[in-house]
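Visitor: Pasted the sequence and its predicted model underneath.
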Amino acid sequence: MRDASRIELDMTRVIDKNSMAVYMDEIWSLPDYFGGNLDSLYDCLSEYARDVDIVLERDSIEYISTNDYAYNTVTVLSKAVQENPHLRILIE
């Protein structure tokens with residue numbers, strides 16, 4: 001069993017590039033070189049060195065599917081999870 005920290009994402013806070021950058025930096029405490037865009041988010045999370053369970057609420061799936069930036073953010077998160085064994089996405 002993994003001893004991972006848990007981040008419960010509120011994807012309704014991701015409306016556009018700026019809101020994504022603020023929210024992701026807030027919850028991940030990203031490094032200073034985080035450029036505030038999805039490519040930079042991927043780079044930062046690909047190198048994340050702690051075990052983290054990223055939790056998406058089932059209720060947020062509809063929002064994610066109708067908001068392009070939220071959808072793109074989840075896509076980037078899933079790519080980072082594929083790259084980084086310290087990250088895992090859970091849907092609850």
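Guide: Done, it's in.
Visitor: Which neighbouring elements make contact with the helix or strand hosting Ile27?
Guide: For Ile27, the enclosing helix or strand under DSSP states H and E is helix 17-28. When contacts are defined as 3 or more Cβ pairs under 8 Å, 6 or more residues apart in numbering; DSSP states H and E, helix 17-28 sits against strand 5-9, helix 38-46, helix 68-83. C-beta here means a position set from N, CA and C on the backbone, and glycine is covered the same way.
Visitor: Tell me the gap between the helix or strand following the second one and the middle of its chain.
Guide: Under the assignment DSSP H and E, the closest C-terminal helix or strand after helix 38-46 is strand 52-56. Here the centre of mass of C-alpha atoms in strand 52-56, compared against the chain's by Cα atoms, centre = their mean, to the nearest Å, lies 8 Å away.
Visitor: isn't Ile89 right up against Val52?
Guide: No - using Cβ atoms under 8 Å, Ile89 makes no contact with Val52, being 9.8 Å away.
Visitor: Any figure for the gap between Ser65 and Thr75?
Guide: Look at Ser65 and Thr75: by Cβ to Cβ, to the nearest Å, they are 12 Å apart.
Visitor: With mean pLDDT, distance to Lys17 and mean neighbour count added, can I get the helices and strands packed on helix 17-28 in CSV?
Guide: Converted to CSV, those look like this (pLDDT from 0 to 100; distance: least, Cβ to Cβ, whole Å; neighbours: other Cβ atoms under 10 Å):
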stretch, mean pLDDT, distance to Lys17, mean neighbour count
strand 5-9, 95, 17, 13
helix 38-46, 97, 8, 18
helix 68-83, 98, 7, 17
